[in-house]
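Visitor: Take a look and give me a structure for this.
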Amino acid sequence: MKSTWKVYGSVLGVMSLFGAMPLPAGANLIQNGSFEDSIYSSVATWETLYVGSTAIAGWTVIGTGKATDSIDYVGGYWEASHGVRSVDLDGRAASGGVEQAFGTNPGTTYHVSFDIAGNPDWIGIKTMAVSAVGEATQSAIFSFDNTGHSHDSMGWTTVEWFFVADAPSTTLRFVSLTEANKGYGMALDNVVVHVPVPGAVLLGVLGLGGSGGLLRWRRRTA
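Guide: Numbers count the residues shown, from 1 in each chain. Next up, the predicted model:
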């Protein structure tokens, strides 16, 4: 059973906190958002993938400039949020990330949602950054404390974020920022990007100055 856990988020730039109103869903612009499709017919535990790998359909593994940067592509080792596979943004004792480019319309607001948890082999706070990279970069930071969770009860939590496209193509990036005990990082699953109906994002804004995306988080029970 998936449980509910509190997630903490902060935006680099302008942050907006929205109410509980659900946003109308459109077509997912992200390919293979649940990481189910890959070159592997089965993944009993996990596969470590290094920078440049395209083994997960639609996604490219990225890093922070170190040769050891990597992620773990997780199968039966723990419960996934959606389907049977997910990603640990920390690989073999190193941090990594994933990215995917998709077509966007400049000036259009996009709604990003994804599920996060933490590798239960080390209990503590996991941190990651999500970025939308076009002509400029809009970013937000999310953290997850996996205290009280396990391989069979990961505590998957859905978080949401908005960005305004400034280019005809945008690259969505998820990168680990977990410093302590690298190799046991943020778990990621169920990535969805769509265009909300006009006005859906105007639910309330808390401006912090600068420029950046809009952030929303909610607790989720399944």
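
Visitor: Give me the phi and psi for the residue lying closest to residue 66 once chain neighbours are set aside.
Guide: The spatially closest residue to residue 66, leaving aside those adjacent along the chain, is residue 94, at 6.3 Å (CB to CB, 6 or more residues apart in numbering). Every C-beta, even on glycine, is put in place using the N, C-alpha and C of the backbone. Backbone torsions of residue 94, given as degrees, to the nearest 10, read phi -150, psi 160.

Visitor: can you check residue 148 too?
Guide: Per-residue torsions, residue 148: phi 90, psi 0 (degrees, to the nearest 10).

Visitor: What separation is there between it and residue 99?
Guide: Distance, residue 148 to residue 99, using CB to CB, to the nearest Å: 31 Å.

Visitor: of the two, who's got more company?
Guide: Neighbours per residue, other CB atoms under 10 Å: of residue 148 and residue 99, the larger number sits with residue 99, 15 against 11.

Visitor: Grab the nearest non-local neighbour of that one.
Guide: Nearest residue to residue 99 in three dimensions, chain neighbours excluded: residue 173, at 4.3 Å (CB to CB, 6+ apart).

Visitor: That neighbour bridge partners, please.
Guide: Beta bridges link residue 173 to residue 99, residue 131, judged by DSSP bridges.

Visitor: does it really touch residue 97, like I thought?
Guide: Yes. At 6.1 Å, residue 173 and residue 97 qualify as touching, with contact defined as CB atoms under 8 Å.

Visitor: coming back round to it: just give me the neighbour total for the residue nearest to residue 99.
Guide: 20.

Visitor: if we can go back for a sec, what is in contact with residue 173 and residue 97 at once?
Guide: Shared contacts of residue 173 and residue 97 (CB atoms under 8 Å, 6 or more residues apart in numbering): residue 62.

Visitor: Residue 64: neighbour count?
Guide: 13.

Visitor: which SS state does it fall under?
Guide: Put simply, residue 64 is coil when judged by DSSP: H, G, I helix; E, B strand; the rest coil.

Visitor: got the phi/psi numbers for it?
Guide: Dihedral angles of residue 64 (phi, psi; degrees, to the nearest 10) stand at phi -110, psi 20.

Visitor: With residue 187 instead?
Guide: phi -90, psi 140.

Visitor: For the spatially closest residue to it that is not a sequence neighbour, what is the enclosing helix or strand?
Guide: Spatial nearest neighbour of residue 187, chain neighbours left out: residue 117 (4.2 Å); criterion: CB to CB, 6+ apart. Secondary structure from DSSP states H and E places residue 117 in strand 109-118.

Visitor: which ones are touching the residue nearest to residue 187?
Guide: 5, 81, 144, 146, 149, 154, 155, 156, 157, 186, 187, 189.

Visitor: remind me which residues of this structure are low pLDDT?
Guide: 1-25, 180, 198-222 (pLDDT under 70).

Visitor: what about the strands in it?
Guide: 7-11, 46-50, 60-62, 70-74, 86-88, 97-103, 109-118, 125-133, 137-145, 157-164, 169-176, 186-194, 214-217 (DSSP state E).

Visitor: before we move on, the earlier item: residues touching the residue nearest to residue 99, list them.
Guide: For residue 173, the contact set (CB under 8 Å, 6+ apart) comprises 62, 97, 98, 99, 129, 130, 131, 132, 133.
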